[in-house]
Every structure is written in structure tokens, then in C-alpha cells.
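*Asks:* could you work out the structure for the sequence below:
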Amino acid sequence: MNSRTVIDSSDSRRDVFVAILTATFIAFASIVASNIFGLFALPFRDVGLSQIGLVLISFTLGGIGLMTPAIVYVYYRTEGSLTDFSEYVYLRKPTLQVVKPILYGFFALTGLYIALVILFTTLGIDIGDNQSVTVVEENPSLLPAIAFGAVIVAPITEEFVFRGVVQRRLHEHLAPVFAIGGACLIFGFFHIPVVSGDVEARIGYALFLAITSTVYSYLYYKFENLFIPIVIHSVYNASILYLLFLSL
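*Replies:* Here you go, the predicted model:
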């Protein structure tokens, strides 16, 4: 089925339900695998590795874990064909044509971020902090390691899972607006475990993230190139960390 097709008349409610269930399960399995893989960094504490080194290894292992269930799923779907694998997630070679949507996407994301901060503040909705931000505020020396995770590991692994696999799976049986909305909600709420604060602050953060991630999802749908949301996500995280650095 063409990626731009709305819900096909042959798609039954069962097909839609299975697509939603599968996409949610992939996201859940990825989060669980990320936490399990991250535990393998613990033995390195006993070999005298620095705290920065431990954070780097933890991010790397966690990222590998996050991608593993999604990779297994796509590998199964494409019967081991690397060409079909790349095509399924829209993993394509970047060209100069991606520069414009990346720039537009980043500025759109920045504007949306500012508008949401104003809106949430006006409505009195508390937004929790990502635990990485809390770690840097408590120990600024870990900023380089946190930057590695936030600017390199997270954009690649998260966009692969939530845009390349979750959104693509939803889009097989749902219209673009619902596939995008579903992927963004899943993306936002699966970040709740890594947010500091009470329940209200965690939910506020999840909603904030879900809304801002619509920029990633829309551009992924529009241009069918995973490279675009990865780069925008990376630059966005780098900007947040830079502002955090200035405030230390």
C-alpha cells in the first residue's frame, strides 16, 4: 500500500487494531530492552572507569537496546532483505534536497516550543525535566557525556524506532493524521520514566514532547527520509543543552 494512501477500504477494524497493538508493543519492547541493555554498563564500575565513561557506555548500550526489537521486527517483515529494510524505514542517502526541510523544520520546532512554553505556563501546566538535564545541573562535568547521548544516540535510535517503525506500522492501516498523532503520543508517553517530578509534571512533559514531535513525524511523512527528523532532533537537543550550559 502506498505510503500516502488514506485508510484503504479493505482495511478491517481488526487490521487497524493489530497495527496499533503492534506499534505500541514495539515501543514498549524497545523501552524495556533499552533499560535491560543499560544494566550491562554496571560491571564497568568495578574496573575503575570514570563517571563520564560509565555514562557514555550506558547511553550506547541503552541505544542499542532501544533499536533491537524494532530492528528484529523490520528484519522479519522484510525477510532479511537490506534493500527492503532500508525502504521500509525510509533510510535513504542524504542529498542537498534535505537541507531546506531541515531548516524549515528546525525553525518550526523552535516556534512551536516557544508557543507551547507560553501556553503551558498560562494554563498552569507543570512540565517536568528530563533526568539528563537534572544530572547536568547536579554535575556539570558530565555535560559532554550527556551531549553524546542527547545529540547523537537519542536522535538516531528514537527516530528509527518511533518514526521509522512505529509510525510506519501505523501508517499501513491508518490515515497520515492518525498515524502521526498515534506515533507522537506513543513517543511522548514512553518518555515518562525518564522525567523528574511528580505525576502531573511527568504527564505535562509527555504532552509537551508529543506535540513538539509532530514536526518530526510530519516531515518524515512528507519527505519519506529518516535522515531529516534525525538531524532536526539532534540540532534541537543540542540547542537545549547549549542553553542549559549557559545557565550553569
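*Asks:* next up, the contacts around the most centrally placed residue in the chain.
*Replies:* Centroid-nearest residue in the chain, with CA atoms, centre = their mean: E158, separated by 3.2 Å. Residues near E158 by CB atoms under 8 Å, 6 or more residues apart in numbering: 66, 187, 233. (Each C-beta comes from the backbone N, C-alpha and C, glycine too.)
*Asks:* with V117 instead?
*Replies:* V117 neighbours (CB under 8 Å, 6+ apart): I127.
*Asks:* cool, I156 as well?
*Replies:* Contacts of I156 by CB under 8 Å, 6+ apart are 63, 230.
*Asks:* return the subset of the contacts of E158 lying in helices.
*Replies:* Using DSSP state H, the subset of the contacts of E158 located in helices is 66, 187, 233.
*Asks:* secondary structure element holding the residue nearest to the centre of the chain?
*Replies:* Assigned by DSSP states H and E, E158 belongs to helix 154-159.
*Asks:* check I64 too.
*Replies:* Applying DSSP H and E, one finds I64 within helix 51-77.
*Asks:* what's downstream of that helix, the next helix or strand?
*Replies:* helix 82-89.
*Asks:* next, count neighbours for A145.
*Replies:* A145 sits with 23 neighbouring residues when counted by other CB atoms under 10 Å.
*Asks:* ok, the one 5 residues further on next?
*Replies:* Using other CB under 10 Å, A150 has 24 neighbouring residues.
*Asks:* G62 too?
*Replies:* Neighbour number of G62 under other CB under 10 Å is 24.
*Asks:* show me where the chain has strands.
*Replies:* Listed in chain order, the strands found in the chain under DSSP state E are 129-130, 195-196.
*Asks:* adding mean neighbour count, distance to S30 and mean pLDDT as columns, could you present the ones you listed in JSON lines?
*Replies:* Output for the strands of the chain, formatted as JSON lines (neighbours: other CB atoms under 10 Å; distance: least, CB to CB, whole Å; pLDDT from 0 to 100):
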{"stretch": "strand 129-130", "mean neighbour count": "18", "distance to S30": "18", "mean pLDDT": "90"}
{"stretch": "strand 195-196", "mean neighbour count": "18", "distance to S30": "17", "mean pLDDT": "90"}
